[in-house]
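Student: sequence first, then the predicted structure, then my questions.
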Amino acid sequence: MTDPSSPAVDLPSEEKGKTEAGVYEANQFKLMMRRFRKHRAAYWCAHIVLLLYIVCLSCNFIAPYDPAKIHEDWVNVPPQGLRFGKVDGFTLPRLYVHPYDLQIHPVTLRRVYQVDHESRVPLRFFVKGRSWKWMGIIPTTRHLFGVDEEAGETCFLLGTGGLGQDGFSRILYGGRISLLLGLTGVSITFVLGIMLGGVSGYYGGILDLAIQRVVEILQSVPKIPIWLAMAAAIPKSWSSLQVYFAMTLILACIGWTGLCRVVRGKMLSLREEDYARAASLAGATESRIIFVHLVPNFMSHIVASLSLAVPGMILAETSLSFLGLGLRPPIVSWGVLLQEATVDSIVNQTWLLLPALAVILTVLSMNFMGDGLRDAADPYAD
Amino acid sequence: MSKDPILKLENVHVKYDTDDGAVHAVRGVTYDVYEDETLAIVGESGCGKSQSSYAAMGLIQPPGRVSEGKIWFRNKDGEKAINLLDFHKDSKEMRSIRGGPLAMIFQEPMTALSPVHRIGQHLDEVLKLHTDLDKKQRFDRACELLTQVGIPDAAKRYKQYSFEFSGGMRQRIMIAIALACNPRLLIADEPTTGLDVTIQNQILELMASLQEKHHMGVVLITHDLAVVAENADRVAVMYLGRIVETTDVHTLFEAPKHPYTVALLKSVVGSPLTGEGRLQAIRGTVPGPLDVVPGCPFHPRCDKYMPGVCDQELPTLEAVNEKTCAACFLYQNRKKEEASS
Amino acid sequence: MMLRYIFQRLMIAIPTLLAISFVVFFLIQLPPGSFLDAKIAAMELEGGVDMAEIETLKNTYHFDRPMIVQYYYWITGFVTGDMGKSFETDVEVTRTLAELVPVTAAISLFTIFFTWSLAIPFGITAAVKRNTPLDYLLTFVGLTAMATPAFIIALIFQVVMQSIWPQFDPTGLISREYANAPWSLAKFADLLKHLWVPVFILGVGGTAGMIRILRANVIDELKKQYVLCARARGMHPVKVILKYPVRVAINPLVSGIGSILPSIISGSMIISIVLGLPTLGPRVLQALMSQDTYLAASCVFIQCVLAVVGILISDLLLAVVDPRIKFGGK
Ligand SMILES: Nc1ncnc2c1ncn2[C@@H]1O[C@H](COP(=O)(O)OP(=O)(O)OP(=O)(O)O)[C@@H](O)[C@H]1O
Ligand code: SF4
Ligand SMILES: [Mg+2]
């Protein structure tokens, strides 16, 4: 990288080293992306993942209802299927749903929702509703779609739960939490893993020994007790946002050890290679050597393994929240939503399993994408 | 030397169906090998030397296939030759030929042995497949073979793993395995690549002595013209999946005919054609496996290229004199001109 | 040679295990409050705090001493084989273990057997037939199974069972009529009748994962030259694959047995809870939540010991199945 014959670190040669490293890295990435694009399934799954993130992150705009809003009259309503056709009062055909007739069963006194096939409720676009802030700044009340709530119309596209909360909106809001949790968790894992692994592999000696012992200990202690103890240590007074970030941090603290070992191993083998030595001869600082010269070398591998770690985090969150050990209402996450799914509730209200479908779709596409990225990152794969 | 060839390839084609299109790795290879004779195949990397021998062994793996041609093999003298392509490549007949009368040594001795099996197990396996020897006899034979290829202390070595052997040793073991069942024909695919010169010579001498003893035919694939000069009887020069010249080894060095052969010889140290000790790399590069070159495939790189002739039609391999065949219009045109004038 | 190596490894493991034991104990005590506080609060709710009982509890378990002292009492007891009693139920920890571990281990071992017997043939098939429709199908089914949280599989399984076989109760391991009966052949048969449910549910995800790993390993090996060489010796291609690449590719699985060790004891907590299985997992979870320190710490620490021993076993097995690896070599 840096010219070993240059006598001291003068500014121009520093600059030169930087651009060269940059070009090298870009080429590696470009090559990886080209190979990735050839991987048809993985490439399409990457699009699905992107779409999921976009939709879930703009849940404020897309979701027709407030996820916490309780519709007392509309408890456990089956999904109202979206249809396309003519609606009275409009000339052009459009999207509509059939409304429900609420009846009380004469014997069991249970609520029965009968589909009213006669009438059609048109979906309205860019309607006004609850207020939210665009990009967190500009206040607005517009939403992508909705119905005339004043007139008593409803559109529960994916049904409602036991409290009469709109399933579709909750899945979107839950997705925002679950997807972001995966992403932020993995980012923290990434930083911890690279830093500690890099330091451990580059310096060796006592520092390496200490870090590796910690890794060993963390890897032998079963995950649930660590999780439980740390989760239980979160003060009850914390707001749901604080709890959420604490959870992310905990997941990351448990998860960094694997990456740390990988980075350390790579570092050990790279450290002895010529250009690291050349750089240190040229007087680059050690942290510079690690992060400018060594890390870019296996960046593509790390990106690939991280993309495989995100779905793991999402699954962990889902399972823990389902057990009541993770996030708790009023936070909405996919795991929290699935708390409603029990054998009895599913038999009667199959749509309560829909959040699981979202989880499966997400994790599946992420795994496909990760697989493709991993293959693409390996220059010797054919 | 008997009159009939042991192995005869006739217009063999190998194709790989890949995502990017069909790769035509071998485009019509014809050669024959006789008893006690060594045929060297030379050519640039990627020209299909290995693939054509895999075709003979029935080892082409999907998505590849032998798309055309005939491979005649004569198991015993005077017996009728059989076309190996008449059998499925994994049929009982093929399997009984492969490794028995028709054996092969591969390009990379370092990875040719299973890392988790004792080398004795490899030898035992081939003996079990092709002979009726019992366990004890197989062990004795294996030790005998190891000793024969110059591995001392065979009984102890028999129990060791491949990583305990050097590259030269491993290649000897591969030779021992290939020779275990006294093959009629041995295909040696660059048997000495990656070994140092002393070991190279030992291995080649070993092969030569074993050939003399068992009257094998040998197909020796190599890049190294020095090896050809010392070991081969006849030479086939390959270019882009085709044989462009076949001749005996003296004629090759004294009077090469095909321009590619000439260029190849000029690019080698110590060949008489190199002139004032200067090496000449062959002009241009080998076209990619998917590129289609019209006419003579060598014409973009050929010094003797004749516009209007060479880029029109594909020259076929024809006899130039009683010793040499070449696929080049230089020699066929002369005939044509003689005919027309 | 081997014994010396094991001895060395165990000597290195001892300080690590001591550190782990401390971490475990500390983690369990980390949540605010203690079992005693909760007990007093509960007594207050029922009206009337029994000071005498509190005193005895305090004295037996040293609640009033600093944590490090409590730790000392626990760990010295543990290494001498006395794991103390559960605060909550006053039952010996060893008795709880003796009661729950056999069932847990049975489920785990059957699951491993199930996983292996499916994953090995399918993994090899997928590798050999790679990039064919069969491989794509296996890949897709496998990835979907891996993407589905285990509790969802359990839920769906229960719902499906309810509709196709209503008489069968997929939860629990022992039917009601045998619940308190002593062990007999009939009770054992009843256990087997229930056992396949958790084994199946737990096995689905594991099998899928293992198929992926095995497939990748076998494909890596299939590319190697020695496979071609074996075929050139005239061996049948199927035999070649079973004898060489599979033999090499299976090494990591064989040595992976070690890492399964801790889960043999704990089982899968989530599945156990969803299916109401009497395994150690849910018991430990409960103990963790109520800060029943002796029970929780002992169980978790046993798992840690098994994890450390498991790694050692893995390394030993790897050295046994792969001649390239020598004891003590890295
Ligand atoms: N699996 C495959 N898929 C596609 N093409 C292949 C495959 N295997 C070989 N080929 C093609 O076959 C051609 C000939 O390869 P071969 O190994 O016979 O060359 P070679 O002459 O032995 O070269 P070398 O001297 O390097 O050993 C190559 O150029 C390659 O394009
Ligand atoms: S045919 Fe023409 S181009 Fe081809 S080798 Fe002969 S002279 Fe050269
Ligand atoms: Mg070759």
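Tutor: That came through fine. These numbers were taken from a predicted model, which means no experiment stands behind them. Ligands and ions are numbered 1, 2, ... in the order given.

Student: can you classify the nearest residue to A:Ser333 once chain neighbours are set aside as helix, strand or coil?
Tutor: Sequence neighbours aside, A:Ile177 is the residue nearest to A:Ser333 in space, at 4.1 Å (criterion: Cβ to Cβ, 6 or more residues apart in numbering or on different chains). C-beta coordinates here come from the backbone N, C-alpha and C atoms, glycine included. State at A:Ile177, reduced to three classes by DSSP: H, G, I helix; E, B strand; the rest coil: helix.

Student: what's around A:Ile177, how many residues?
Tutor: 24 (other Cβ atoms under 10 Å in any protein chain shown).

Student: now do C:Met146
Tutor: Residues near C:Met146, counting by other Cβ under 10 Å, number 21.

Student: dump the residue contacts of it.
Tutor: A:Val363, A:Asn367, C:Gly205, C:Ala208, C:Gly209, C:Arg212 (Cβ atoms under 8 Å, 6 or more residues apart in numbering or on different chains).

Student: now the element after the helix or strand where the fourth one lies, going C-ward?
Tutor: Read it as C:Ala208. Per DSSP states H and E, C:Ala208 falls inside helix C:185-222. Per DSSP H and E, the first helix or strand lying C-terminal to helix C:185-222 is helix C:225-232.

Student: now do the helix or strand just after that following helix: which elements does it pack against?
Tutor: Following helix C:225-232 in sequence order, the next helix or strand is helix C:237-243 (DSSP H and E). Contact partners of helix C:237-243 among helices and strands, from 3 or more Cβ pairs under 8 Å, 6 or more residues apart in numbering or on different chains; DSSP states H and E: helix C:93-128, helix C:225-232.

Student: ok, and does stretch C:34-45 reach over to chain A?
Tutor: No: contact of stretch C:34-45 with chain A is not found when judged by Cβ under 8 Å from any Cβ of the partner chain; the minimum separation is 12.1 Å.

Student: A:Arg288: neighbouring residues, count only.
Tutor: 18.

Student: quick check: the gap between it and A:Tyr202.
Tutor: A:Arg288 is 11 Å from A:Tyr202, where distance means Cβ to Cβ, to the nearest Å.

Student: which residue is nearest the middle of the chain?
Tutor: Answering for chain A, as no chain was given. A:Leu179 (2.1 Å; Cα atoms, centre = their mean).

Student: wait, chain B was what I had in mind.
Tutor: B:Ile221 (3.8 Å).

Student: who touches whichever residue of the stretch 101-250 of chain C sits closest to chain A in this structure?
Tutor: Across the stretch 101-250 of chain C, the shortest distance to chain A (Cβ to the nearest Cβ) belongs to C:Ala147, at 3.7 Å. For C:Ala147, the contacting residues are A:Pro311, A:Leu315, A:Val359, A:Ile360, A:Thr362, A:Val363, A:Leu364, A:Asn367, by Cβ under 8 Å, 6+ apart.

Student: kindly provide the distance from the residue of the stretch 51-200 of chain C found nearest ligand 1 to A:Ala376.
Tutor: Residue nearest to ligand 1 within the stretch 51-200 of chain C (Cβ to the nearest ligand atom): C:Asn131, separated by 12.8 Å. Using Cβ to Cβ, we find C:Asn131 at a distance of 16 Å from A:Ala376.

Student: repeat that for C:Ile325.
Tutor: 31 Å.

Student: same deal with C:Arg65?
Tutor: Here the criterion is Cβ to Cβ. By it, C:Arg65 lies 58 Å from A:Ala376.

Student: hang on, the earlier thing: quick check, the residue nearest to A:Ser333 in contact with A:Phe245.
Tutor: No: using Cβ atoms under 8 Å, A:Ile177 is not in contact with A:Phe245, being 11.2 Å away.

Student: tell me the secondary structure at B:Leu9.
Tutor: Applying three-state DSSP: B:Leu9 is strand.

Student: what sits against it?
Tutor: If you count contacts by Cβ under 8 Å, 6+ apart, then B:Leu9 has B:Val29, B:Thr30, B:Tyr31, B:Asp32, B:Ser52, B:Ala55, B:Ala56, B:Gly69, B:Lys70, B:Ile71, B:Trp72 around it.

Student: got a markdown table for the residues you listed, with pLDDT too?
Tutor: Output for those, formatted as a markdown table (pLDDT from 0 to 100):
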| residue | pLDDT |
| --- | --- |
| B:Val29 | 89 |
| B:Thr30 | 89 |
| B:Tyr31 | 89 |
| B:Asp32 | 89 |
| B:Ser52 | 91 |
| B:Ala55 | 90 |
| B:Ala56 | 89 |
| B:Gly69 | 88 |
| B:Lys70 | 88 |
| B:Ile71 | 89 |
| B:Trp72 | 89 |
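
Student: restricted to helices, list those residues.
Tutor: Applying DSSP state H to the contacts of B:Leu9, the entries found in helices are B:Ser52, B:Ala55, B:Ala56.

Student: which of those has the most neighbours?
Tutor: B:Ser52 leads the ones in helices among the contacts of B:Leu9 on contacts (other Cβ under 10 Å) with 33 neighbours.

Student: tell me how many other residues surround A:Ile171.
Tutor: Neighbour count of A:Ile171, defined by other Cβ under 10 Å: 26.

Student: how close does it get to chain C?
Tutor: 15 Å (Cβ to the nearest Cβ, to the nearest Å).

Student: how near is the spatially closest residue to B:Gly64 that is not a sequence neighbour to B:Arg65?
Tutor: Of all residues not flanking B:Gly64 in the chain, B:Tyr16 sits nearest, at 4.4 Å (Cβ to Cβ, 6+ apart). B:Tyr16 sits 8 Å away from B:Arg65, going by Cβ to Cβ.

Student: please say which of those two ends up with more neighbours.
Tutor: The neighbour comparison of B:Tyr16 against B:Arg65 (other Cβ under 10 Å) goes to B:Tyr16, with 19 against 15.

Student: roughly how far out does the host helix or strand of that one sit from the chain middle?
Tutor: Taking DSSP H and E as the definition, B:Tyr16 sits inside strand B:7-18. The chain centre lies 14 Å from the centre of strand B:7-18; the measure is Cα atoms, centre = their mean, to the nearest Å.

Student: sort out which one of the ones in helices among the contacts of B:Leu9 lies nearest chain C for me.
Tutor: Of the ones in helices among the contacts of B:Leu9, the one sitting nearest to chain C (Cβ to the nearest Cβ) turns out to be B:Ala56, at 10.8 Å.

Student: and C:Ile325 and A:Ala376? Which one has more around it.
Tutor: Using other Cβ under 10 Å as the criterion, C:Ile325 and A:Ala376 rank with A:Ala376 on top: 23 against 15.

Student: so how far is the host helix or strand of the more buried one from its chain's centroid?
Tutor: Here A:Ala376, judged by DSSP H and E, is contained in helix A:354-377. Helix A:354-377 sits 11 Å away from the centroid of its parent chain (Cα atoms, centre = their mean).

Student: what comes up buried for that helix?
Tutor: Under the neighbour-count criterion of 16 or more other Cβ atoms under 10 Å in any protein chain shown, helix A:354-377 has A:354-356, A:358-377 buried.
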